[in-house]
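Undergrad: no sequence on this one, just coordinates:
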């Protein structure tokens with residue numbers, strides 16, 4: 001089973017995949033720093049080392065390179 005969590009951020013969305021367990025229920029409002037799930041090896045990653053697939057998508061679902069958002073978040 002592939003476990004993925006998608007969060008909406010005012011039109012943009014973030015996705016987190018291969019989780020071993022999702023820690024929030026659908027529709028839950030989450031805060032920065034809150035645990036939403038745990039790394040895993042679900043889906044086509046079964047048998048590999050636990051890891052997390054992270055993605056950002058525009059409102060039209062076009063993928064965005066997350067690098068610059070991660071750098072900006074780290075600088076805060």
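TA: Great, that's in hand. Everything quoted here is computed from the prediction, not taken from an experiment.

Undergrad: At the geometric centre of the protein, which residue do we find?
TA: residue 16 (2.3 Å; C-alpha atoms, centre = their mean).

Undergrad: what kind of secondary structure is that residue in?
TA: Under DSSP: H, G, I helix; E, B strand; the rest coil, residue 16 falls in the strand class.

Undergrad: per-residue pLDDT, it?
TA: Residue 16 carries a pLDDT score of 86 in this model.

Undergrad: wait, doesn't it sit right on residue 54?
TA: Yes: contact criterion C-beta atoms under 8 Å: residue 16 and residue 54 qualify, at 5.9 Å. (Each C-beta comes from the backbone N, C-alpha and C, glycine too.)

Undergrad: Now for residue 15, how many residues are close by?
TA: Per other C-beta atoms under 10 Å, the neighbour tally for residue 15 reads 14.

Undergrad: Can you verify my assumption that it contacts residue 55?
TA: Yes: between residue 15 and residue 55 there is a contact at 4.4 Å, judged by C-beta under 8 Å.

Undergrad: got the residue ranges for the strands in the chain?
TA: Per DSSP state E, the chain carries strands over the ranges 4-9, 12-17, 21-22, 37-38, 53-57, 63-64.

Undergrad: Turn the ones you listed into a markdown table, including distance to residue 44.
TA: Shown next, in a markdown table, are the strands of the chain (distance: least, C-beta to C-beta, whole Å):
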| stretch | distance to residue 44 |
| --- | --- |
| strand 4-9 | 12 |
| strand 12-17 | 10 |
| strand 21-22 | 18 |
| strand 37-38 | 18 |
| strand 53-57 | 10 |
| strand 63-64 | 18 |
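
Undergrad: Out of these, flag the one nearest residue 29.
TA: Within the strands of the chain, the stretch nearest residue 29 is strand 4-9; the backing value is 9.8 Å (C-beta to C-beta).
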